[in-house]
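> Pasting the sequence and the predicted model now:
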Amino acid sequence: MGEVSRAAERAIATMEARTTRASVPEPADGAGWDELYERQEAAVDPANARALERYRPQLACRRVAGLPAQVVTPVARTATDARIVFVHGGAYTLFSARSTLFASVPLAHELGLELWSLDYPRAPHSRHDRTVTLVAEALAAACGDGARVLLVGDSAGGGLALAATLRLVAHGSSRPAALCLWSPWVDLSYDGARGGLDAVDPVLRRDPDLTRAALAYAPVTHLRDPEVSPVYASFPGDFPPTLIQCGTREILLPDAIRLHETLVRAGIRARLDVRPGMVHSYPAILPEVPEARRARKLVRRFFQLFG
């Protein structure tokens, strides 16, 4: 299936038809980010309600090390010795485990696995050093009971998943069996060509969206630190197998390509799955289009093979 499905075409056309975009606060404007966060949480309520109605999972809350987590148990759980840990997107400043059920619930259902969605603190109230530490501790706890863990990171959550896993591997701690990254944001410094992709991306803008969010998360002098921008990390050869999924119509496509090249050079089993015509993080934000269902099936096969 090389062409964009009609369902995806309609969804993307709706995005393109938007005439207004949310005003993005200055990096240090905590109150401004909180206001935007509340508006975005309310805006995705209908999508979350549809996901819960369609898939009817069990929901619960738990504590994983120092972080709260939303636990999603699908109606047809097929394995008890494996789980998904999900790190949501939102440019480090937006969304939550609860408000991204539209992405996590279909994933748990498709794979037949319990899913733990981590509620990490948002920038600018939490900066990169504290956030990576908390997620790494929670991930170690999630991996520490012998369960096979598939770590899925979406957009900024993809970069955070990489940073936390690198921390665990460096310390010899329990780590995920495999990773899946949806449109990972792995270079917050914007060092690298992104061509004209900003003009064709209906979801993200470099300025002011990502530039301000990056500075809310980390000081400008730290934007190329490996725990902020993992594409600059030295990946050890025993880093877990990693699947990267993205579309061609997004400004983070070069991030995915560079990350894949970095992992392959390090001798890591890595696969890059680029879907023509699809937008940023389409398996998460367009969960019911055929392309997203195909992406989740690939995630399931990848984890079966390498997890």
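Nice, thanks for sending it over. Numbering: from 1, shown residues only.

> Find the helix or strand that L150 is a member of.
For L150, the element it lies in under DSSP states H and E is strand 148-154.

> er, A142 actually
For A142, the host element (DSSP H and E) is helix 128-143.

> How far away from the center of its chain is that helix?
On the basis of Cα atoms, centre = their mean, to the nearest Å, helix 128-143 is displaced by 15 Å from the centre of the chain it belongs to.

> Please identify the buried residues of that helix?
Within helix 128-143, the residues scored as buried using 16 or more other Cβ atoms under 10 Å are 128, 131-143. Quick note: C-beta positions are derived from backbone N, CA and C, even for glycine.

> just stretch 217-226 next, same as before
217-218, 222-223, 225-226.

> and if you look at stretch 282-297?
Quick answer for stretch 282-297 (16+ other Cβ under 10 Å): 282-287, 289, 291-292, 294-296.

> Report the rounded mean pLDDT for it.
Within the predicted structure, the mean pLDDT of stretch 282-297 is 97.

> before we move on, what about stretch 12-29?
In this model, stretch 12-29 has a mean pLDDT of 88.

> ok, and what's touching it?
With Cβ atoms under 8 Å, 6 or more residues apart in numbering as the test, stretch 12-29 has contacts from 4, 32-33, 35-36, 39-40, 124, 202-203, 205, 208-209, 212-216, 249, 277, 279, 286.

> can you tell me which of those are in strands?
249, 277, 279 (DSSP state E).

> For the first one, list the residues it contacts.
Just to be clear, that refers to R249. R249 is in contact with 12, 197, 200-202, 277-280, counting by Cβ under 8 Å, 6+ apart.

> For the stretch 151-300 of the chain, just list every one of the strands.
Under the criterion DSSP state E, counting those that start in this stretch, strands of the stretch 151-300 of the chain are mapped to 178-182, 242-249, 270-279.

> among those, which is the most enclosed?
Ranked by mean neighbour count, these are led by strand 178-182 with a mean of 29 (mean count of other Cβ atoms under 10 Å).

> Tell me how many other residues crowd the residue lying closest to T73 once chain neighbours are set aside.
In space, and not counting its chain neighbours, T73 is closest to Q58: 4.2 Å by Cβ to Cβ, 6 or more residues apart in numbering. The local packing of Q58 (other Cβ atoms under 10 Å) involves 11 other residues.

> Looking at Q58 now. What's its pLDDT?
If you check Q58, the pLDDT there is 98.

> one step back: inside helices: which ones of the buried residues of stretch 282-297?
Using DSSP state H, the subset of the buried residues of stretch 282-297 located in helices is 282-285, 291-292, 294-296.

> Give me the contacts around the helix or strand of the chain with the lowest mean pLDDT.
In the chain, the helix or strand scored least confidently by mean pLDDT, DSSP states H and E is helix 197-200, which has a mean of 80. Residues outside helix 197-200 that contact it (Cβ under 8 Å, 6+ apart): 205-206, 249-251, 253-254.

> just those residues now: which is nearest A233?
The shortest approach to A233 among the contacts of helix 197-200 belongs to P254, at 16.9 Å (Cβ to Cβ).
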